[in-house]
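Student: Fold the following.
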Amino acid sequence: MLLLLAVAGIVGPGLSCSSAAAATGKSEQADTELQLGQEVFDQLRSQGVIVATSPLYQQLEPLAARITRVAQPGYEHPFHFYLVHQTQPNAFSTPGGNVYVADSLFSFVRNTEELAGTLCHEVAHTIHHDTVALMEARQRLALREVGAGVLLGPTHAHLLAIALLGKLNSLGYSREAESRADVTGSDICAAARYNPWGLVWLFSDFKDAQIGQTPELLSDHPDDEHRVRTLKEHFRKNSQVFGNFDPDAASATPLVIPADFKETFVR
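Tutor: Coordinates of the predicted model:
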């Protein structure tokens, strides 16, 4: 795919005009995703919330490395994982491969498997291009309402980044998109040898959490029973992959978090 993107503008003996046009479209989408991801990164950096150093990276980086080895072939750009300082437990991905994990999420998840499941879920959204598709659909709706004159202002990607940054805590993916990210995320977890039941345990913990303490990736989607059923059915149908993983949360790996630590931020 990378080679095809590199030669998208050239029509040679082995590449028809229609193939070249399709490749060009993919290349333009890839460029837009990179630009959109960079715009969001720059805005988060200007807010001073991207964490440069923290002991939490000692827990995050090994998980991110194993997950990336499995997931990277499914996406055009390298994955990068960043901690962000937020009081609300959260995790979100942006087009271009960046995955952001709130430092407060580490105090919400109860074990390594729940954290890994969250990361795999967000990576799956990136692979499926869910975020950029959702934001472009919202922008098209906004343009119909206010007219194309909006485009005389900032660039297309900058407009999308502003909209995305304002919706990071309530992206509003459809139930189908969420379940698809859950299923793909569970596949990634299994391939990375993290127990995919961590996603199911996370939904169960969500039910028991107090209002205001739940991750935004869950609180926007109250139909967790549907998502749990979808995951369990996926596990059942693919017992050769998931049958060796223990569904009992008592088998989980504890996540050890320092009681008191300092963070520095990207400036």
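
Student: before we move on, what SS does the residue nearest to Leu63 when sequence neighbours are not counted have?
Tutor: Closest residue in space to Leu63, ignoring its immediate chain neighbours: Ala116 at 5.2 Å, by Cβ to Cβ, 6 or more residues apart in numbering. Glycine gets a C-beta too; all of them are placed from N, C-alpha and C. Secondary structure state of Ala116, per DSSP: H, G, I helix; E, B strand; the rest coil, is helix.

Student: Was I right to think Ala116 contacts Tyr194?
Tutor: Yes - counting by Cβ atoms under 8 Å, Ala116 does reach Tyr194; the two are 3.9 Å apart.

Student: any common contacting residues for these two?
Tutor: 63, 67 (Cβ atoms under 8 Å, 6 or more residues apart in numbering).

Student: which one of those two has more residues nearby?
Tutor: Neighbour comparison, Ala116 and Tyr194: the larger count goes to Ala116, with 28 against 25 (by other Cβ atoms under 10 Å).

Student: so what's that one scoring on pLDDT?
Tutor: For Ala116, the pLDDT comes out at 98.

Student: what residue ranges in the stretch 51-200 of the chain score low on pLDDT?
Tutor: 137-172 (pLDDT under 70).

Student: For it, which segments count as helices?
Tutor: In the stretch 51-200 of the chain, helices defined by DSSP state H, counting those that start in this stretch lie at 57-71, 105-108, 112-127, 130-146, 156-166, 175-191, 197-208, listed in chain order.

Student: most tightly surrounded among those?
Tutor: helix 112-127 (a mean of 26; mean count of other Cβ atoms under 10 Å).

Student: how many degrees apart are that one and helix 197-208 in direction?
Tutor: Per axes from the mean of the first three to the mean of the last three Cα atoms, to 10 degrees, the angle that helix 112-127 makes with helix 197-208 is 100 degrees.

Student: what helices or strands is helix 112-127 leaning on?
Tutor: If you count contacts as 3 or more Cβ pairs under 8 Å, 6 or more residues apart in numbering; DSSP states H and E, helix 112-127 packs onto helix 57-71, strand 91-94, strand 98-102, helix 105-108, helix 175-191, helix 197-208, helix 216-219.

Student: To Leu83, which of these lies closest?
Tutor: Closest to Leu83 of these is strand 98-102 (Cβ to Cβ; 5.7 Å).

Student: Contacts only, for the residue nearest to Leu63.
Tutor: 63, 67, 189, 192, 194-195, 198.

Student: which of those residues lies closest to Pro247?
Tutor: For the contacts of Ala116, the nearest to Pro247 is Asn195 (8.6 Å; Cβ to Cβ).

Student: Isn't the closest one up against Phe242?
Tutor: No - the criterion here is Cβ under 8 Å, and Asn195 misses it with Phe242 at 9.3 Å.

Student: Between these two, which is the more surrounded one?
Tutor: Asn195 (27 against 21).

Student: Let me see the contact set for that one.
Tutor: Contacts of Asn195 (Cβ under 8 Å, 6+ apart): 113, 116, 189, 245-246, 251-252.

Student: closest to His128 among those?
Tutor: Nearest to His128 among these, with distances taken as Cβ to Cβ, is Cys189, at 15.8 Å.

Student: How much space separates that closest one from Leu202?
Tutor: 11 Å (Cβ to Cβ, to the nearest Å).

Student: one step back: so which of the helices of the stretch 51-200 of the chain gets nearest Val40?
Tutor: The nearest among the helices of the stretch 51-200 of the chain, by Cβ to Cβ, is helix 156-166 at 5.1 Å.

Student: what two of the contacts of Ala116 are the furthest from one another?
Tutor: Ile67 and Asn195 (13.2 Å).

Student: Between the two, which contacts overlap?
Tutor: What both Ile67 and Asn195 touch, as defined by Cβ under 8 Å, 6+ apart, is the set 116, 189.

Student: mind checking how far the residue nearest to Leu63 is from Val49?
Tutor: Ala116 sits 23 Å away from Val49, going by Cβ to Cβ.
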